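Engineer: Next comes the sequence, and after it the predicted model I'd like to discuss.
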Amino acid sequence: MFRFACKTLLHIQIQCRSNALLDTNASFIRCLQTVARSDLSSESLERQSLTVSYLVSSCGLSLEKAISASKLMKIKTTERSNAVIDLLTCHGFTKSDITTLVYRFPRVITFDPVKIIKPKIEYFESLGFVGPELPKLVCSNVQILHCSLNKQIIPLFDLLRGYVKTKENLHCALKRFMSIRTGNQVTCNLVSCNLEKVFKPNIKTLITLGVSDEHIGKVIMLEPRLLYSPVDEFVKVADKIIRMGFEPSNMSFLMAVRSMTCLGKGKWEKKKDLLISFGWSEKEFGLAFRKQTMIMLCSEDKIRAMMDCLVNKLDLKPSDVANCPNLFLCSLEKKIMPRYSLIVGLKSRGLKLNNLPLIWILSIEKKRFESMFVTPFIKEAPDLILVYQCQVMEKQGLGKQHHSSLNI
């Protein structure tokens, strides 16, 4: 058996070399070891040989990826697979598109091209997904060709189109819910959700609470996974967000639901406790979250570093930080510390800064900050301005080669 495996893989190696598809001998040795360890019959090895050879020569997969994909499907004859590739090519799929599709969903080349694939492609084209947009749609949601056209795809697309309106928005929604993958293993997909038991009930919950169709459409385009949450959990989270003071008619309500849903109860409470440990009260936490729901999506390390810097090092009041939660979305290295260093330097020179609150200075947009604290002091403190500009540029990866262009 082992000799047969060696002979089979040697044949593949020679064939792949002739097509410039084998990069190194090392990859071949690893593949040989993989098959040698498998307890396969001669018939299975022969079928695997055909499958691997076809995936390499006709689909463009590397030898290693082809062997990996062959564990998920087997080609008995190449007639159907050839017909699938011909069909995809006729509808605008390039060789690269086909390679991507087959790698992500190998079973597609074993499907009946006339009964399973063609009707779906024609439906997508009827919606305006033509040219490069068709393979882009399919390759981003590979299992879409495996789902029932009448029972899953059409009902889902009709529902989505009712909220997102345009083809462009529909494509955006589908792209936002690209498959979650580990290697080429698909674990979750937009069309795999139970439309009747999950998606529709969650939308109904939002409508009942007073969320507008426009805002539901935005959620579908920006964060459609939110609507795939377990129905009971979704209702509980929505109710909790309302009790925190959010109005369902505002988009911030949906962003808050998103934050809490993404984290889950355990991580949510852990991050909340971390913020409170730096001096926030329950009321101040609620205020900060209502002003900026994204703060809870920051990592624990980011939250800890930001609060330690602002409260302990810059000596700002926790309540002031709670009033400016957008700071959590900024970078300590690229924004906050360069600004703080400049302000301290200017004050040490006795220059007038109008006694503005530090928290406000750190929060304002870059253009306004530089018009107030950089441009006016170019002549009086050129060295401080140079240090500030260098810090900002270096943190953004611009480096010293741009120093000569500084406006001083």
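Structural biologist: That came through, no problem. Numbers count the residues shown, from 1 in each chain.
Engineer: Which of the helices and strands in this structure ranks last by mean pLDDT?
Structural biologist: Here the helix or strand of the chain ranked lowest by mean pLDDT, DSSP states H and E is strand 180-182, holding a mean of 37.
Engineer: List the residues that contact the residue nearest the centre of the chain.
Structural biologist: Geometric centre of the chain, nearest residue: residue 176, 7.2 Å, by Cα atoms, centre = their mean. Taking Cβ atoms under 8 Å, 6 or more residues apart in numbering as the contact definition, residue 176 lies against 221-224. Backbone N, C-alpha and C define where each C-beta goes, glycine included.
Engineer: pLDDT at the nearest residue to residue 253 once chain neighbours are set aside, what is it?
Structural biologist: In space, and not counting its chain neighbours, residue 253 is closest to residue 246: 4.3 Å by Cβ to Cβ, 6 or more residues apart in numbering. As predicted, residue 246 sits at a pLDDT of 97.
Engineer: Helices of the stretch 201-350 of the chain, residue ranges please.
Structural biologist: Here the stretch 201-350 of the chain has its helices, by DSSP state H, counting those that start in this stretch, at 213-222, 231-243, 251-276, 282-291, 300-307, 318-323, 337-348.
Engineer: Reformat those helices as a markdown table; add mean neighbour count, mean pLDDT and distance to residue 159.
Structural biologist: As requested, the helices of the stretch 201-350 of the chain are arranged in a markdown table below (neighbours: other Cβ atoms under 10 Å; pLDDT from 0 to 100; distance: least, Cβ to Cβ, whole Å):
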| stretch | mean neighbour count | mean pLDDT | distance to residue 159 |
| --- | --- | --- | --- |
| helix 213-222 | 18 | 92 | 9 |
| helix 231-243 | 16 | 96 | 16 |
| helix 251-276 | 17 | 95 | 18 |
| helix 282-291 | 17 | 96 | 31 |
| helix 300-307 | 15 | 97 | 37 |
| helix 318-323 | 19 | 96 | 40 |
| helix 337-348 | 18 | 95 | 47 |
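Engineer: export those to CSV and tack on distance to residue 73?
Structural biologist: Formatted as CSV, the helices of the stretch 201-350 of the chain follow (distance: least, Cβ to Cβ, whole Å):
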stretch, distance to residue 73
helix 213-222, 33
helix 231-243, 34
helix 251-276, 34
helix 282-291, 48
helix 300-307, 42
helix 318-323, 55
helix 337-348, 54
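Engineer: Next up, the contacts around the residue nearest to residue 96 when sequence neighbours are not counted.
Structural biologist: Using Cβ to Cβ, 6+ apart and skipping residues adjacent in sequence, the residue nearest residue 96 is residue 60, 7.5 Å away. In this structure, residue 60 makes contact with 95-96, 98-99, 102, judged by Cβ under 8 Å, 6+ apart.
Engineer: In the stretch 101-250 of the chain, where is pLDDT below threshold?
Structural biologist: The model of the stretch 101-250 of the chain has pLDDT under 70 over residues 177-193.
Engineer: Kindly report the domain assignment for the protein.
Structural biologist: For the chain, automatic domain parsing gives the domain ranges 1-72, 77-189, 193-329, 330-408.
Engineer: those strands in the stretch 101-250 of the chain, which residues are they?
Structural biologist: 180-182, 185-188 (DSSP state E, counting those that start in this stretch).
Engineer: How much space separates residue 317 from residue 279?
Structural biologist: In this view, residue 317 and residue 279 are 8 Å apart by Cβ to Cβ, to the nearest Å.
Engineer: Need the overlap of contacts for those two.
Structural biologist: residue 311.
Engineer: give me every residue that touches residue 109.
Structural biologist: Shown in contact with residue 109 (Cβ under 8 Å, 6+ apart): 54, 59, 73, 75, 80-81, 84-85, 102.
Engineer: and the residues you listed as TSV, adding neighbour count?
Structural biologist: Putting the contacts of residue 109 into TSV (neighbours: other Cβ atoms under 10 Å) gives the following:
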residue	neighbour count
54	21
59	23
73	16
75	21
80	16
81	24
84	25
85	22
102	28
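Engineer: now for these, which pair is the farthest apart?
Structural biologist: 73 and 85 (14.6 Å; Cβ to Cβ).
Engineer: contacting residues around residue 197?
Structural biologist: Shown in contact with residue 197 (Cβ under 8 Å, 6+ apart): residue 231.
Engineer: Over to the one 3 residues further on?
Structural biologist: Neighbour list for residue 200: residue 159 [criterion: Cβ under 8 Å, 6+ apart].
Engineer: what's the answer for the one 10 residues further on, then?
Structural biologist: Residues counted as contacts of residue 210 (Cβ under 8 Å, 6+ apart) are 248-249.
Engineer: Is it correct that the residue nearest to residue 253 is in contact with residue 286?
Structural biologist: No. If you go by Cβ atoms under 8 Å, residue 246 and residue 286 don't touch, sitting 9.9 Å apart.
Engineer: now the farthest one out in the chain, which residue is it?
Structural biologist: Distance to centre of the chain, Cα atoms, centre = their mean, peaks at residue 350 (48.2 Å).
Engineer: Now that residue: phi and psi?
Structural biologist: phi 80, psi 20 (degrees, to the nearest 10).
Engineer: Residue 59 too?
Structural biologist: Here is the backbone geometry of residue 59 (degrees, to the nearest 10): phi -110, psi -10.
Engineer: quick one: secondary structure of the residue nearest to residue 96?
Structural biologist: For residue 60, the assignment made with DSSP: H, G, I helix; E, B strand; the rest coil gives coil.
Engineer: So for it, what's the pLDDT?
Structural biologist: Model confidence at residue 60, given as pLDDT, is 94.
Engineer: So what's the residue count around the closest residue to residue 292 other than its chain neighbours?
Structural biologist: Closest residue to residue 292 apart from its sequence neighbours, by Cβ to Cβ, 6+ apart: residue 325 at 3.9 Å. Residue 325 has 23 neighbours, counted by other Cβ atoms under 10 Å.
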